[in-house]
Each structure stands twice: as C-alpha cells, then as structure tokens.
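Colleague: just to be clear, the model below is a prediction. Sequence and coordinates:
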Amino acid sequence: MKKLDFYILGKFLGTFVFAILLIISISVVFDLAEKIDDFLEHSAPLNAIVFDYYANFIPHFANLFTPLFVFIAVIFFTSKMAYQTEIIAILSSGVSFRRLMVPYLIGAAS
C-alpha cells in the first residue's frame, strides 16, 4: 500500500470513528434521559447501570449503526476531498481512477 492509500483510509477511519462516537454518545444521553425514572424507581445501582446495561447497549447500537455510518463517512470525506480539490490533484498527478478506488475497496473489504 502506498501513502495515498493510508491517507484515504485514515480520513475514512477518522470520519467514521468520529461519527459513530457522536451518535452513540447522543443515543446514550437520550436513553439515559428516557430511562432515568425507571432506574430510580427500581433503585438500580450505578455499577449495574453502567457496567451491565450500557456495556451491552453501546456495542448493540454501534453494531446497529455501523453500516449507515460507513456510508455516511465515505460520502462525507469524499465530498470534502472533492471540495478541497484533493481528488483533482490526485487524478492530475497521473493516478488513475481505478487506482484511486483501491483504498475504498480495501476499506470495504475490512
């Protein structure tokens, strides 16, 4: 893999991780706000709420939202690269469009 592949994959992973962490944190806040009465009513200990409930809630929602945020991350960072004319510079330097798609295929395969 070349530097270009690492650059594109790094932009993808950074965008993906940021987006998934953002939506998970928003989901946890909304879920906690919705269920705080139930937790208080049943006198659930903080340890059980954090380590039993949310330790299972976060991976479940991350798994649920991953396909959507892979799509959103690819669209977002590709459009940002196009807006900053990075794609034009890459293609103008002699890299073929097929070669430009290699990091996308590597990211899709993993």
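Modeller: Cool, got the structure.

Colleague: flag every buried residue along the longest helix seen in the chain.
Modeller: Under DSSP state H, the helix in the chain containing the largest number of residues is helix 3-41. Using 16 or more other C-beta atoms under 10 Å as the test for burial, helix 3-41 gives Asp5, Ile8, Leu9, Lys11, Phe12, Thr15, Phe16, Ala19, Ile20, Ile23, Ile24, Ser27. The C-beta positions use only the backbone N, C-alpha and C, and glycine is treated the same way.

Colleague: and the spatially most central residue of the chain, how far from Ala62?
Modeller: Geometric centre of the chain, nearest residue: Phe16, 2.5 Å, by C-alpha atoms, centre = their mean. As defined by C-beta to C-beta, to the nearest Å, Phe16 lies at a distance of 11 Å from Ala62.

Colleague: equivalent analysis for Pro45, please.
Modeller: 25 Å.

Colleague: who's more crowded, these two?
Modeller: Taking other C-beta atoms under 10 Å, Pro45 and Ala62 do not tie; Ala62 has more neighbours (15 against 10).

Colleague: in contact with that one: list those residues for me.
Modeller: Residues in contact with Ala62 (C-beta atoms under 8 Å, 6 or more residues apart in numbering) are Ile20, Ile24.

Colleague: any idea which helix or strand carries it?
Modeller: Ala62 belongs to helix 55-83 when assigned by DSSP states H and E.
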